[in-house]
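Undergrad: Provide a 3D model corresponding to the input given below.
(4 chains)
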2 protein chains.
Amino acid sequence: MSERPYHHGNLRTALLAQAERTVRERGVHALSLRELARDAGVSHGAPRRHFPDRQALLDALAEAGFARLGAELRSAVDGAGGAFEPRLQATAAAYVRFATRDAALLELMFAGKHRAGAGTLQESAERAFAVLLELIEQGQAEGALEPGEPERVGMVLFATIQGIAALVTGGMVQAEQVDGLVADAIAHFLRGSRAAA
Amino acid sequence: MSERPYHHGNLRTALLAQAERTVRERGVHALSLRELARDAGVSHGAPRRHFPDRQALLDALAEAGFARLGAELRSAVDGAGGAFEPRLQATAAAYVRFATRDAALLELMFAGKHRAGAGTLQESAERAFAVLLELIEQGQAEGALEPGEPERVGMVLFATIQGIAALVTGGMVQAEQVDGLVADAIAHFLRGSRAAA
DNA sequence: CTACAATGATGTCAATGACAACTTCAATCC
DNA sequence: GGATTGAAGTTGTCATTGACATCATTGTAG
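TA: Numbers count the residues shown, from 1 in each chain, chains lettered A, B, ... in the order given. Below is the predicted model of the structure:
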């Protein structure tokens, strides 16, 4: 039998992975440092070496979440050809998919962002959202969106996407209707933009 | 000194009121039944008579939240004259105001809605959203919105408003920009709708 | 006036987060 | 090669909490 070595090897990573699972399946409130330690086959005090307190673990989770979100958005844009509108559709769908599958995690990501001492978190978030900003710029270049600061122009669009995600996780929209709703919303938004441009 | 009577008189109400304050000021996670009991000058077991467990208290909070939200929305509509667009603006602003001031409560309201055995909650929610649906119908009657089921037609609009609230509470929009953003979003939405109708 | 139902009090238990003190281990330095 | 040292893990403890069982008080219906 493989005796467990005194040192786990990569406890931090293992804790984060299991924590992400727990948050997804049972919510943030069900996340217990001690349970994580048990699952990792480690004593209840061990996590403390890697996360001074529970909040530190949540922050790390949020940061990892932004990294993954960014990657998924990037992959969506890249896989949708070169034209603006299909790219936007694909990206919005990817965002909503992420928000739906990892609702609790997304909440964590947003909650952590305006807390104090969130330097790294802020950066991770900005990297993830850079994908969206680039997309906005392309839309502006193609004349589909009004000119101006991308942050401002994209705000209503982003709000709509985020809101759809909220409706889905809030149970006000059935899972089967999501894709249609996203497509509707994007089309609606672009109509409103062209009229203004 | 007034000896506390054995019976509090209206402990349930007092607990809910204090709980709402705590949730607003320190978040759901900071809500402790025992602390509530202490604040109410009552033993730690007393709340149990009114709320079998913590979740029951949260559900009651959510329900009260929907009642208040409905009232605020109603009041916003009624105070904005008879025309559709100003009514919509006022209502959206009122929603975002509620969502901003009571972010944690709103989250609770949404979270509880798709949990099991939420009969009463569901009804409270529908009563609150009835205001919005009526408004959509008026918009359709005036030709500002496309025809169809109000629930469907209003979905993108509602998502946008909800999303703005999420951005504000997520710290991605400054408080001073909120009103402008709401106005922008409504105008944008209506442009998109007219083109389709 | 008595029984009873509602409301509150008291005591206890297991789980948890936070913290301190001690132990193991591996890398480095001489 | 052995001593040193610091990171990683362990063990023990404490206060807080939610949940639960049992008992006490009080208003009210009969």
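Undergrad: Poorly predicted segments of chain A, please.
TA: A:1-7, A:113-118, A:195-197 (pLDDT under 70).
Undergrad: ranges for the helices of it?
TA: Applying DSSP state H to chain A gives helices spanning A:11-26, A:33-39, A:54-78, A:84-101, A:103-113, A:119-141, A:150-169, A:178-196.
Undergrad: With adjacent residues omitted, what lies nearest to the residue in chain A that DNA strand D sits nearest to?
TA: Nearest residue of chain A to DNA strand D (C-beta to the nearest atom of the strand) works out as residue A:45 at 2.4 Å. In this view, the C-beta of every residue, glycine as well, is placed from N, C-alpha and C. In this structure, residue A:45 finds its nearest non-sequential neighbour in residue A:37, 7.8 Å apart by C-beta to C-beta, 6 or more residues apart in numbering or on different chains.
Undergrad: among the helices of chain A, which is nearest residue B:178?
TA: Nearest to residue B:178, of all the helices of chain A, is helix A:150-169, at 10.9 Å by C-beta to C-beta.
Undergrad: now the angle from that closest one to helix A:178-196?
TA: In terms of direction (axes from the mean of the first three to the mean of the last three C-alpha atoms, to 10 degrees), helix A:150-169 departs from helix A:178-196 by 150 degrees.
Undergrad: Could you check the angle helix A:150-169 makes with helix A:119-141?
TA: 110 degrees.
Undergrad: elements contacting helix A:150-169?
TA: Applying 3 or more C-beta pairs under 8 Å, 6 or more residues apart in numbering or on different chains; DSSP states H and E, one finds that helix A:150-169 makes contact with helix A:84-101, helix A:103-113, helix A:119-141, helix A:178-196, helix B:150-169, helix B:178-196.
Undergrad: how near is the residue nearest the centre of chain A to DNA strand C?
TA: Geometric centre of chain A, nearest residue: residue A:69, 4.3 Å, by C-alpha atoms, centre = their mean. From residue A:69 across to DNA strand C, the span is 25 Å (C-beta to the nearest atom of the strand, to the nearest Å).
Undergrad: That residue contacts residue A:128, doesn't it?
TA: Yes: look at residue A:69 against residue A:128 with C-beta atoms under 8 Å: they come within range, at 4.8 Å.
Undergrad: Could you point out which of the helices of chain A sits nearest residue B:110?
TA: helix A:150-169 (6.9 Å).
Undergrad: Buried ones in that closest one, by neighbour count?
TA: For helix A:150-169, a neighbour-count test (16 or more other C-beta atoms under 10 Å in any protein chain shown) marks A:150, A:153-169 as buried.
Undergrad: Can you check what angle separates that helix from helix A:103-113?
TA: Using the same axes, to 10 degrees: helix A:150-169 against helix A:103-113 is 140 degrees.
Undergrad: so helix A:150-169 versus helix A:84-101, what angle?
TA: When the same axes, to 10 degrees is applied, the directions of helix A:150-169 and helix A:84-101 differ by 50 degrees.
Undergrad: ok, residues contacting helix A:150-169?
TA: With contacts defined as C-beta atoms under 8 Å, 6 or more residues apart in numbering or on different chains, helix A:150-169 is touched by A:92, A:95-96, A:99-100, A:103, A:106, A:132-133, A:136-137, A:140, A:145-147, A:173, A:175, A:178, A:181-182, A:185, A:189, B:110, B:155-156, B:158-164, B:166-167, B:173, B:181, B:184-185, B:188.
Undergrad: Can you go through the residues you listed and name the buried ones?
TA: A:92, A:95-96, A:99-100, A:103, A:106, A:132-133, A:136, A:140, A:145-146, A:173, A:178, A:181-182, A:185, A:189, B:110, B:155-156, B:158-164, B:166-167, B:173, B:181, B:184-185, B:188.
Undergrad: residues near residue A:67, how many?
TA: Residues lying near residue A:67 (other C-beta atoms under 10 Å in any protein chain shown) number 14.
Undergrad: One more: residue A:26?
TA: Residue A:26 has 11 neighbours, counted by other C-beta under 10 Å.
Undergrad: what's the answer for residue A:43, then?
TA: 11.
Undergrad: quick one: the closest residue to residue A:46 other than its chain neighbours from residue A:54, how far?
TA: Of all residues not flanking residue A:46 in the chain, residue A:37 sits nearest, at 5.6 Å (C-beta to C-beta, 6+ apart). Distance, residue A:37 to residue A:54, by C-beta to C-beta, to the nearest Å: 12 Å.
Undergrad: Between the two, which has more neighbouring residues?
TA: It is residue A:37, of residue A:37 and residue A:54, that has more neighbours when counted by other C-beta under 10 Å, with 19 against 14.
Undergrad: Enumerate every residue touching that one.
TA: Listed by C-beta under 8 Å, 6+ apart, the contact set of residue A:37 reads A:15, A:43, A:44, A:45, A:46, A:47.
Undergrad: Can you give the contact residues for stretch A:25-33?
TA: Stretch A:25-33 is contacted by residues A:19, A:22-23, A:44, A:47, A:51, A:54, A:57-58, A:104, A:107-108, B:29 when judged by C-beta under 8 Å, 6+ apart.
Undergrad: Brilliant, that's me finished.
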